[in-house]
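Trainee: Got a predicted structure plus its sequence, pasted below:
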Amino acid sequence: DTAVSQTPKYLVTQMGNDKSIKCEQNLGHDTMYWYKQDSKKFLKIMFSYNNKELIINETVPNRFSPKSPDKAHLNLHINSLELGDSAVYFCASSRGQGRQYFGAGTRLSVL
Amino acid sequence: GENVEQHPSTLSVQEGDSAVIKCTYSDSASNYFPWYKQELGKRPQLIIDIRSNVGEKKDQRIAVTLNKTAKHFSLHITETQPEDSAVYFCAASIFGNEKLTFGTGTRLTIIP
């Protein structure tokens, strides 16, 4: 059983479209995260939820909107996609300030 | 906010030799320092972590050392093997804060 799973694995779309990425964890963790890894491999936190409450909200365009229906799920919706949004998006989870475990990533390509 | 610097950006080591990657952090309130290994096309995987109440931690061929006074921590890999080739990231988080700030990564290549 995959601990942190995200779908889809690949996403190819046109500029201006809206897309969503889903994440689920079965580790019983209370905190979930979205990270963006750009072409230079920099890993940057975007958002974090603890028990469905937004606790980290970095400087991210408001075209990006996270949603956490329950503490095992965290989704990311992106409106009006731009070329610069092309990256790998990783979901992760932890128990508070504990070890973070990453999903396999979603490679987003905006054409 | 926290800032983490990582050096070197690339490192090539002969198989069997040791590799050392160094990171410095800016916020003295940081108390948690994990290291992640990311193979090509894969997810970052936690390989070892240390908290600020400990100066050194070892797990088989991997060790991490922490110098709180100087605000730096290092990853040591001994008896390197080809499967150690990957990008390694250090990270730090401030006490009570789940936010991890990552270093810029070190691409380690083990030369057979």
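Mentor: Right, received. Where do you want to start?

Trainee: Look up which residues are beta-bridged to the one residue sitting closest to the centre of chain A.
Mentor: Most central in chain A under C-alpha atoms, centre = their mean is A:W34, positioned 3.3 Å from the mean C-alpha point. Note on A:W34: beta-bridge partners by DSSP bridges are A:F47, A:C91.

Trainee: tell me the contacts of it?
Mentor: For A:W34, the contacting residues are A:23, A:45-48, A:66, A:74, A:76, A:89-91, by C-beta atoms under 8 Å, 6 or more residues apart in numbering or on different chains. Placement of C-beta: from N, CA and C, glycine included.

Trainee: Give me the local confidence score for it.
Mentor: Note for A:W34: predicted pLDDT of 97.

Trainee: Kindly provide the distance from A:S80 to A:S65.
Mentor: The gap separating A:S80 from A:S65 is 12 Å, by C-beta to C-beta, to the nearest Å.

Trainee: where does chain A come near chain B, residue by residue?
Mentor: Chain A comes close to chain B at residues A:31, A:33, A:40-45, A:48, A:50, A:55-56, A:90, A:94, A:96-97, A:99-105, as judged by C-beta under 8 Å from any C-beta of the partner chain.

Trainee: ok, of these, which come out buried?
Mentor: Neighbour-count burial (16 or more other C-beta atoms under 10 Å in any protein chain shown) is assigned, among those, to A:31, A:33, A:43, A:45, A:48, A:50, A:56, A:90, A:94, A:97, A:100-105.

Trainee: Which of these fall within strands?
Mentor: With DSSP state E as the criterion, strands contain A:31, A:33, A:43, A:45, A:48, A:50, A:56, A:90, A:94, A:101-102 from among those.
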